[in-house]
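Undergrad: my questions are about this predicted structure, shown below with the sequence.
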Amino acid sequence: MPAQPQSVTLAFPDGATRTYPCPVTGHDVAAAISPGLAKAALAVRLDGGLRDLTRPITADGAIEIVTGKDANPEVLELIRHDAAHALAEAAKELYPDVQVTIGPAIEDGFYYDFARDEPFTPADLEAMEARMREIVARDEPITREVWERDDAVRYFDSIGEHYKAEIIRDLPDDEEITIYRQGGFVDLCRGPHLPSTGKLGTAFKLTRLAGAYWRGDSRNAMLQRVYGTAWRNRKELDAHLHRLEEAARRDHRRLGREMTLFHFQEEAAGAVFWHAGGATLYRTVRTYMRRRLEAADYQEVQTPELVDRTLWERSGHWEKFREHMFVAETEDSGGSTLALKPMNCPGHVQIYKQGLKSYRDLPLRMAEFGCCHRYEPSGALHGLMRLRALTQDDAHIFCTEDQITAETGSFIRLLRLVYRDFGFEDVLVKFADRPEVRAGDDAVWDRAEAALLGAVEETGLAVEHNPGEGAFYGPKLEFVLADAIGRSWQCGTLQVDFVLPERLDALYTATDGERRRPVMLHRAILGSFERFIGILIEHYAGNLPLWLAPRQVVVATITSDADGYAREVHAALEAAGLRAELDRRNEKIGYKVREHSLAKVPVLLVVGRREAEQRQVAVRRLGDSARPVLALGECVSALAAEAQPPDTTGGTDTPMN
RNA sequence: GCCGACGUAGCUCAGACGGUAGAGCAACGCAUUCGUAAUGCGUGGGUCGGGGGUUCAAGUCCCUCCGUCGGCACCA
């Protein structure tokens, strides 16, 4: 240990420096400035890193006093981490038989994993939250100690905290073992922490109970995880709870029922029953994608859904994914086993292989909207977002290695255009490169990775690097879009594949007459149609733009005197290609407005005696109480123009250049 | 698949201690012709997720299977 200096000189964010006798703590520094600051202080930032307020400072450096008013996300992390400790202390007090394990801060809150034979109940959750509030009221000092590794292991084993002892045993040798003590609770923790439990405040709430595997491994014991949320103050907590309600209000499963788009039932778990409205939405999205792909020089194909297992054996799927495949037999199949396709690519290679291909045929872009079945674990199913029967906007590009960059570039341009058409502007790209276990030469990987990265960089999109996360058969790009309330959804993907053309023996004749292997690019923009429609519903909270809405316009009458005219209006709308309905029921107009508003119909044309006489319509847009009166012809042509899919409006968008 | 909660009318939900199912909305019928988010009156509707058990008696207690929800794990 170097000798401790007599004094330390600390530089403040405003540029001022002060010298203190050594050792000095963050608390001392704050107190020397003002008692108010000492009270508000939660931690210090010393040379950029957050540090306990009570920890001695023994060297010169740059210091900043961190308070609850600090907008820095680190403050929230500190609060959440302390909330997790308070939860653990509460749990130990209430249930002495629990073992504590880990309790980190996470997005919006924190959790703590406990080991205990008896399951926690919702009542236990309330009891723990109440005890946490007591612990905050006690304002217990939180102190830091450095222990010898062996002492720490022995101590935690002796008090029955075997998980903690295991964590310490597995810490790297050079890691300092620090222990935090608050009240009667002693925990291994890297820190930093607040100076006392009172500083945590009361803007927290325990939210739910869940199971979680020890160390995230399904072979390990299942622990009980308690989730909570914690914020700087009541206002932030309320805002967060409000955001949760908003997300629940947008839930596509609920909106799907309210808008009669689709339903699920037990006999077909993980598969969708699309009702007329949902099927219309689906068809609109699919027709749009067909036009976009056709314009981008893709050829659409269709391959069998039920295929003999020998093909899956050759493609390698049988070996790797057999337990996730649905198999089928018939009375007469004589021992042969068929399987529902989990993906389209092996079928596409079969089409590619019909006849000899030359370099002149490449790149060959083969698209299919084929229904795939995957036996997903029961716990994974989630509305439209995770299904057992799904349809991707799938395509495979057979090309030469030299063409990867150009193909990737034009794919990304197409993808951005599509996302923009659906109302998504923010796109993040994740670049996953070679994993440890992989097929193919390093030289080929070098070229493929460089090609992908180069193509992405040209587009100027934000890139996140995921080292080692590529598929065993090649590197990949994943495209993540952000929805209206800031949630991220990974939809698009582009994967380079060196392996499948080899396994299924795809070839082309090169310029020199030699037979070569093409590279396959597996790519999708929406991901699955089902899931993307779920995302659209949540993004728009059910208020779909006119071109996507299953029912675009409802004509509603006020009195039966207007019935004849209303029929004319309805016919004019349909003639203009709009999806329109006529509501002549003997109900008050307020009732009709409410009903169609709840069903999220974007445009309501109200006609009464006045409109019939003037040949006009009163236009009511969803969510807007204004109701301008327009001439019939003018209104129909304006709506017809607005309802045009964005790719058909004659813009300058051409994805290929 | 694992942990926990849940499954009652089309939907949202009530149904202490086991004693043979109830409301609102919706649906249907009748009346009402009405000017922008619920017109009134009336009627019908449930083998309480499936199966098994305990009991004189099960929506209620036990076992089991299925499904849903929230996580975890998984996601070619």
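TA: Nice, I can see it. Numbering: from 1, shown residues only, chains lettered A, B, ... in the order given.
Undergrad: how about the residues of the stretch 51-200 of chain A by RNA strand B?
TA: Residues of the stretch 51-200 of chain A lying near RNA strand B by C-beta under 7 Å from any atom of the strand: A:Pro119, A:Thr121, A:Pro122. The way it works is simple: take the backbone N, C-alpha and C, and place the C-beta from them, glycine included.
Undergrad: now, the residues you listed that are in helices?
TA: For these, the ones inside helices are A:Pro122, with DSSP state H as the criterion.
Undergrad: quick one: the residue in chain A that RNA strand B sits nearest to from A:Thr391, how far?
TA: Of the residues in chain A, the one nearest RNA strand B is A:Gly379, at a distance of 1.8 Å by C-beta to the nearest atom of the strand. Relative to A:Thr391, A:Gly379 is positioned 23 Å away (C-beta to C-beta, to the nearest Å).
Undergrad: which one's more surrounded, those two?
TA: Legend: neighbour count by other C-beta atoms under 10 Å for A:Gly379 and A:Thr391, higher for A:Thr391 (20 against 7).
Undergrad: name the strands paired with the strand or helix carrying that one and say parallel or antiparallel.
TA: Per DSSP states H and E: A:Thr391 is located in strand A:389-399. In its sheet, strand A:389-399 lies beside strand A:364-368 (antiparallel), strand A:371-373 (antiparallel), strand A:519-528 (antiparallel), with partners assigned from DSSP bridges.
Undergrad: list the buried residues in the second one.
TA: Burial within strand A:371-373, assessed by neighbour count using 16 or more other C-beta atoms under 10 Å, is assigned to A:Cys372, A:His373.
Undergrad: who's A:Ile57 bridged to?
TA: For A:Ile57, the residues forming beta bridges with it (DSSP bridges) are A:Val24.
Undergrad: you'd agree it is up against A:Ile63?
TA: Yes. A contact is recorded between A:Ile57 and A:Ile63 when judged using C-beta atoms under 8 Å, the distance being 7.5 Å.
Undergrad: mutual contacts of the two, please.
TA: Counting by C-beta atoms under 8 Å, 6 or more residues apart in numbering, the residues touching both A:Ile57 and A:Ile63 are A:Leu10, A:Gly26, A:Val29, A:Val44, A:Leu46.
Undergrad: wait, isn't A:Ala221 in contact with A:Trp214?
TA: Yes. Taking C-beta under 8 Å as the contact criterion, A:Ala221 and A:Trp214 are neighbours in contact, 5.0 Å apart.
Undergrad: output the contacting helices and strands for the helix or strand hosting A:Val153.
TA: Using DSSP H and E, A:Val153 maps to helix A:149-158. Under the contact criterion of 3 or more C-beta pairs under 8 Å, 6 or more residues apart in numbering; DSSP states H and E, the helices and strands touching helix A:149-158 comprise helix A:162-170, strand A:177-182, strand A:185-188.
Undergrad: out of the strands paired with strand A:389-399, deepest packed?
TA: Across the strands paired with strand A:389-399, averaging neighbours per residue (mean count of other C-beta atoms under 10 Å) puts strand A:519-528 on top, at a mean of 24.
Undergrad: extract the CA atoms of that one and return them as PDB.
TA: Taking C-alpha atoms only, strand A:519-528 is exported to PDB below (Å, rounded to 0.1, in the frame of the first residue of the first chain):
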ATOM      1  CA  VAL A 519     -23.800 -18.200 -51.100                       C
ATOM      2  CA  MET A 520     -27.400 -18.000 -49.700                       C
ATOM      3  CA  LEU A 521     -28.700 -14.900 -48.000                       C
ATOM      4  CA  HIS A 522     -31.700 -15.700 -45.800                       C
ATOM      5  CA  ARG A 523     -33.600 -12.500 -45.300                       C
ATOM      6  CA  ALA A 524     -36.900 -11.200 -44.000                       C
ATOM      7  CA  ILE A 525     -38.200  -7.700 -43.500                       C
ATOM      8  CA  LEU A 526     -41.300  -8.000 -41.400                       C
ATOM      9  CA  GLY A 527     -40.300 -11.300 -39.800                       C
ATOM     10  CA  SER A 528     -43.600 -13.100 -39.500                       C
END
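Undergrad: downstream neighbour of that strand in the secondary structure list?
TA: Helices and strands here follow DSSP H and E; after strand A:519-528, the next one along the chain is helix A:529-539.
Undergrad: quick one: mean pLDDT over stretch A:5-17.
TA: What stretch A:5-17 shows for mean pLDDT is 85.
Undergrad: between the two ends of that stretch, how far is it?
TA: With C-alpha to C-alpha, to the nearest Å applied, stretch A:5-17 spans 17 Å between its terminal residues.
Undergrad: show me which residues of that stretch are buried.
TA: Per 16+ other C-beta under 10 Å, stretch A:5-17 contains these buried residues: A:Val8, A:Leu10.
Undergrad: where do the helices sit along the stretch 101-250 of chain A?
TA: Applying DSSP state H, counting those that start in this stretch to the stretch 101-250 of chain A gives helices spanning A:122-138, A:149-158, A:162-170, A:234-249.
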